[in-house]
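Undergrad: next one to model:
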Amino acid sequence: MEHHADLVVLGAGQSGLATAALAPRHGFARTLVLEAAEQAGGSWPHYYDSLTLFSPARYSSLPGMRFPGDGDRYPARDEVVDYLRAYARRLDADIHTSTTVTSMLPRDGAWVVRAHDGSRFTAPAVVAATGAFRGPYTPAVPGHEEFAGQSLHAADYRAPDPFTGERVVVVGGGNSAVQIAAELGAVAETTLATRRPIGWLKQRPLGRDVHWWFQHTGFDIAPLSRLLERMPVSVLDDGHYRTALDTHGVERREMFTRLTPDGVVWADGAEESVDAIVWATGYRRTFPYLDGSGALDLDGRPRHHGGIATIAGLGFVGIEFQRSFSSNTLRGVGRDAAHVLSRLGRSR
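TA: Numbering: from 1, shown residues only. Model (predicted):
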């Protein structure tokens, strides 16, 4: 079956939905959204159960629809999923779920997008908004293949109960690592392994949420993408997570140097038996459906400037630090989507 549209958007997560919502304003009369999952929501339904936003609800909205409830609260994962699915139902766009894109190639001034079921979609413009969470990253640590315990990425972690009474090491120094270590500490002997000390950032400096400061100083939208990519990771906390780590005896240790069949070898040479390792080590951008299109460099990274691909008719939304600090966030993807759509609309 073949479908034609003015714009095809890949992904029905926050980035794809924001793009589809803004498309009519930029001259795209018919938009198709292709989503691999059975429902809209992107990666959010797959995050761990207790995930809570570090941005208040008032700073967590997509274009045209306020995040419901008290604006000063910090929404939970399931609230975000519900919000995104409600947002999708309001869109003036056709959303094709259970549609996995396998390839995408430019042809005769248009893009030909093929799905796993043989469906074909064509459009003069395409926005790849499949996000940065398709490729969980686990660093290559010596002995990894020898380790006989449980080794899982944060993408596969859901809740602490299965680890009750075990010895667990959480690897990573970001928000997710700290959240996971804090809740695991209540049921398991837990250590947080990082390459450098955790950089704590106050959630509410001088009585205002840090996102208020980001907005009112202009930092949130400053074009500092290259600088931001090199900034050390910081953990936003109102004191809750530091207290939880201390209460449950979760210590931070220098990253281990290797794995053994039974556990880890710490930086000081001490060996310790470990039951499980949770790798909260981030994700790598991956766009397998763009292989052979000319849109990726030799390392598989998109060739783009602020989301505008170096190949005509293609844009990206949802890349971390794509244009600013708030890129790839609920509050920031709309700005990036508008920028990309305006450029794609002009080039048609």
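
Undergrad: so V8: helix, strand or coil?
TA: Applying DSSP: H, G, I helix; E, B strand; the rest coil to V8 yields a three-state assignment of strand.

Undergrad: surely it touches E35?
TA: No - look at V8 against E35 with C-beta atoms under 8 Å: they stay out of range, at 11.7 Å. C-beta here means a position set from N, CA and C on the backbone, and glycine is covered the same way.

Undergrad: where does the prediction get shaky in the stretch 101-250 of the chain?
TA: 132, 224-232 (pLDDT under 70).

Undergrad: and the helices in it?
TA: Remark: helices assigned in the stretch 101-250 of the chain by DSSP state H, counting those that start in this stretch are 175-184, 210-217, 225-229, 240-247.

Undergrad: please name every helix or strand in contact with the longest one.
TA: In this case it means helix 175-184. Counting contacts by 3 or more C-beta pairs under 8 Å, 6 or more residues apart in numbering; DSSP states H and E, helix 175-184 packs against strand 167-171, strand 189-194, strand 234-237, helix 240-247.

Undergrad: A177 versus V278, what's the distance?
TA: V278 sits at a distance of 8 Å from A177 (criterion: C-beta to C-beta, to the nearest Å).

Undergrad: please enumerate the shared neighbours of these two.
TA: Common neighbours of V278 and A177, using C-beta atoms under 8 Å, 6 or more residues apart in numbering, are A154, V170, V171.

Undergrad: need the residues you listed in JSON lines (columns: neighbour count and distance to A182).
TA: Shown next, in JSON lines, are these (neighbours: other C-beta atoms under 10 Å; distance: C-beta to C-beta, whole Å):
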{"residue": "A154", "neighbour count": "24", "distance to A182": "13"}
{"residue": "V170", "neighbour count": "30", "distance to A182": "9"}
{"residue": "V171", "neighbour count": "25", "distance to A182": "15"}
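
Undergrad: the stretch 1-150 of the chain: strands as residue ranges?
TA: Assigned by DSSP state E, counting those that start in this stretch, the strands in the stretch 1-150 of the chain fall at 2-4, 7-10, 31-34, 94-96, 101-107, 110-115, 120-123, 125-128, 150-153.
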